[in-house]
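Novice: Can you look at this prediction? I've put the sequence above it.
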Amino acid sequence: MNRVPVWAVLDYTGHKVIQRELLLVKVSILGPEHVLAQMKSRRASLPSATDLRSIQQQQRAQWSSGDVNEVEDQIEIMSPSSALRQTHDHLGALTELTDLFKGKVVDVSSDCLSLELSAKPDRVDAFLKLLQPFGILEAARSGMMAMPRSVVLDRFENVDELEVEDVGSGVDASMLPPG
């Protein structure tokens, strides 16, 4: 078992804090029907029409419990140009969604997009829920980080008269690592 060194544990109970969490997520831009194939193979190129047919045949086998005619209607074999248009649409939608959440696109490949988001934990949860229909291939979250808010002083107040409560963290700064 690897142990992570803990330098300090600070109790911010009763203090106003800034909370953030970091999310790195890899999302399919090929569509949800290709997620299983991507997770298995992690190829670096777009699937060809032959690959699409084999994936769809696997899906047909999985859906064989339903009505065959209904399954045939749900599955459409895409031409490479229609797959490219769909990929472009998904890429645009994911980029726009990431911009709305003030995130960043950190990597783009032919079949997936890597996104970064730093936000409050509930906002990260909402972002992940909105990404699920596209097909999440991988995700990593940092966990919540917190820092106390700074005291705001009015420039026009007499600083000598201001009573500032010392809410020290109880940690000796000389015992913390440099940096």
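Specialist: Received it, and whenever you're ready, just let me know what you need.
Novice: now Val105, what's its secondary structure?
Specialist: strand (DSSP: H, G, I helix; E, B strand; the rest coil).
Novice: what pairs with it across the strands?
Specialist: Beta-bridge pairing for Val105 (DSSP bridges): Leu115.
Novice: pretty sure it contacts Leu97?
Specialist: No: when contacts are counted by CB atoms under 8 Å, Val105 is not listed as touching Leu97 (10.6 Å). For the C-beta atoms, the positions are set from N, CA and C on the backbone; glycine is no exception.
Novice: Next, the buried residues of the longest helix along the chain.
Specialist: Counting residues, the longest helix found in the chain (DSSP state H) is helix 80-100. Buried residues in helix 80-100, defined by neighbour count with 16 or more other CB atoms under 10 Å: Ala83, Thr87, His90, Leu94, Thr95, Leu97, Thr98.
Novice: Need the pLDDT of Ser114.
Specialist: Looking at Ser114, its pLDDT reads 96.
Novice: quick one: average confidence on the longest helix of the chain?
Specialist: pLDDT averaged over helix 80-100 gives 88.
Novice: what helices or strands is it leaning on?
Specialist: Packing partners of helix 80-100 (3 or more CB pairs under 8 Å, 6 or more residues apart in numbering; DSSP states H and E): strand 104-108, strand 112-119, helix 121-131.
Novice: Show me which helix or strand of this structure is least confident by mean pLDDT.
Specialist: In the chain, the helix or strand scored least confidently by mean pLDDT, DSSP states H and E is helix 68-74, which has a mean of 44.
Novice: So, low pLDDT: which residues of the protein?
Specialist: Along the chain, the model assigns pLDDT under 70 to residues 33-78, 156-179.
Novice: And His15, how far from Arg149?
Specialist: From His15 across to Arg149, the span is 8 Å (CB to CB, to the nearest Å).
Novice: out of the two, which sits in the more crowded spot?
Specialist: Set His15 next to Arg149 and count neighbours by other CB atoms under 10 Å: His15 wins out with 13 against 10.
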